[in-house]
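K.L.:
fold the following.
(one chain, ligands or ions: 1)
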Amino acid sequence: RKHAFTSSAITQSDIRRVTVIGSGQMGSGIAQVAAMKQHEVTLVDVNQEALERGKGYMSKSLKRVAKKKFPEDAKAQNQFVEKALGHVTLSTNASKSVSNAGLVVEAVVENLKAKQNIFVKLAMEAPDNAILASNTSSLPIAKIAAPLTLSQRKRFIGLHFFNPVPQMKLVEVVRSDEVDQKTVDDAVAFVKSIGKTPAVCKDTPGFIVNRLLLPYMMESIRLLESGVASARDIDTAMKLGAGYPMGPFELCDYVGLDTIKFIVDGWYKEGAGLKGNKLFESSKKLDELVQAGSLGVKSGKGFYDY
Ligand code: 3HC
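P.N.:
Numbering: from 1, shown residues only. All right, here's what the predicted structure looks like:
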């Protein structure tokens with residue numbers, strides 16, 4: 001049966017207005033891909049410096065995309081970059097920025113209290129039909145939403161993007177037990193509207209990708225520790241023998257060794273169904289690198305030097 005005005009049709013237009021909280025790599029990537037598809041985006045952070053850095057990430061990546069889209073046409077490239085950036089408003093005023101949002105996506109540090117505080121405040125200030133979404137990679141969606149009211153929790157969902165956001169085609173849409181089906185449907189429609197492919201899954205540690213990726217990374221480190229092969233040879237083996245775009249050590253360095261340690265430690269200690277699971281036990285090598293501040297690409301040194 002066809003409806004002329006379904007409620008989801010109304011939400012579809014609301015969702016053109018997207019507020020992204022946190023202008024780091026993930027947040028600015030999310031803002032960028034939404035802006036590239038003409039959503040009206042507000043990117044929020046605590047100070048102007050952080051926002052300018054986020055804008056820098058977006059410009060750099062947009063130029064890369066533009067070069068491919070319009071090879072040999074510098075003018076079209078510039079227009080493409082400017083048009084996308086024109087859809088992004090930078091703001092340090094979170095309350096004001098969510099006041100007419102259709103979707104609020106949080107992408108701040110992976111800290112439960114910080115995320116809860118943001119949502120407790122912004123859920124009240126956002127329209128009462130806005131979708132509330134977290135880009136968490138390792139915290140339970142239900143836990144982040146726990147301090148919210150039931151009506152807010154029904155609109156709360158996980159939207160998990162991957163690094164680098166402009167290039168990776170997947171977004172995991174994570175449903176808690178309390179979320180409304182309509183919220184899931186609207187979130188899926190949003191993901192498609194920004195040119196990404198959704199994979200819906202339950203609110204379990206690591207969702208799909210990280211649940212499988214982390215054991216693979218940790219096993220790679222254990223393989224290295226046991227002296228079976230060098231990091232370089234393990235990476236070469238997985239790239240050329242299994243067709244992965246990066247080897248496990250390149251990927252660890254790319255994601256950040258502190259991030260990997262934070263995730264596995266959390267799950268090993270208290271992950272639902274994962275607690276004490278040897279797959280997620282940290283390793284001496286990983287602990288030493290993190291201790292020494294060798295966190296991967298971002299610190300100039302990890303398993304490799306950069
Ligand atoms: N913005 C725009 N485009 C980008 C980009 C960016 N930031 N980074 C890469 N690209 C594009 C390039 O323009 C290029 O496009 P083309 O193939 O259409 O010409 C393409 O990506 C490939 O880039 P490069 O040729 O420079 O380099 P690579 O071929 O080595 O690809 C990569 C780089 C896309 C990062 C690839 O190595 C890859 O897919 N690696 C695996 C990444 C991955 O697994 N990410 C998930 C990590 S886990 C995670 O994020 C979850 C978290 O919760 C922990």
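
K.L.:
if I look at the residue of the chain at minimum distance from the ligand, how far off is residue 56?
P.N.:
Ranked by Cβ to the nearest ligand atom, the top residue of the chain for proximity to the ligand is residue 137, at 2.9 Å. The C-beta positions use only the backbone N, C-alpha and C, and glycine is treated the same way. Using Cβ to Cβ, to the nearest Å, residue 137 is found at 23 Å from residue 56.

K.L.:
these two: which is more packed in?
P.N.:
Between residue 137 and residue 56, counted using other Cβ atoms under 10 Å, residue 137 has the larger neighbour count: 23 against 12.

K.L.:
got the phi/psi numbers for the more buried one?
P.N.:
Phi and psi for residue 137, reported as degrees, to the nearest 10, are phi -110, psi -20.

K.L.:
could you pull up the residues touching it?
P.N.:
Residue 137 makes contacts with 110, 160, 206-207, 210, 259, 263, as judged by Cβ atoms under 8 Å, 6 or more residues apart in numbering.

K.L.:
enumerate the residues of this protein near the ligand.
P.N.:
61, 64-65, 68, 137, 162-164, 166-168, 210, 213, 245-246, 251, 255, 259 (Cβ under 6 Å from any ligand atom).

K.L.:
looking at those, which are in helices?
P.N.:
Secondary structure from DSSP state H places 61, 64-65, 68, 210, 213, 251, 255, 259 of those in helices.

K.L.:
buried subset of those, written for PyMOL?
P.N.:
The buried subset of these, as determined by 16 or more other Cβ atoms under 10 Å, is captured in PyMOL by this line:
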select buried, resi 61+65+210+213+251+255+259
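
K.L.:
gap between stretch 271-291 and the chain center?
P.N.:
The chain centre lies 22 Å from the centre of stretch 271-291; the measure is Cα atoms, centre = their mean, to the nearest Å.

K.L.:
leaving out sequence neighbours, find the closest residue to residue 208.
P.N.:
Computed as Cβ to Cβ, 6 or more residues apart in numbering, the closest residue to residue 208 that is not its neighbour in sequence is residue 201, at 5.2 Å.
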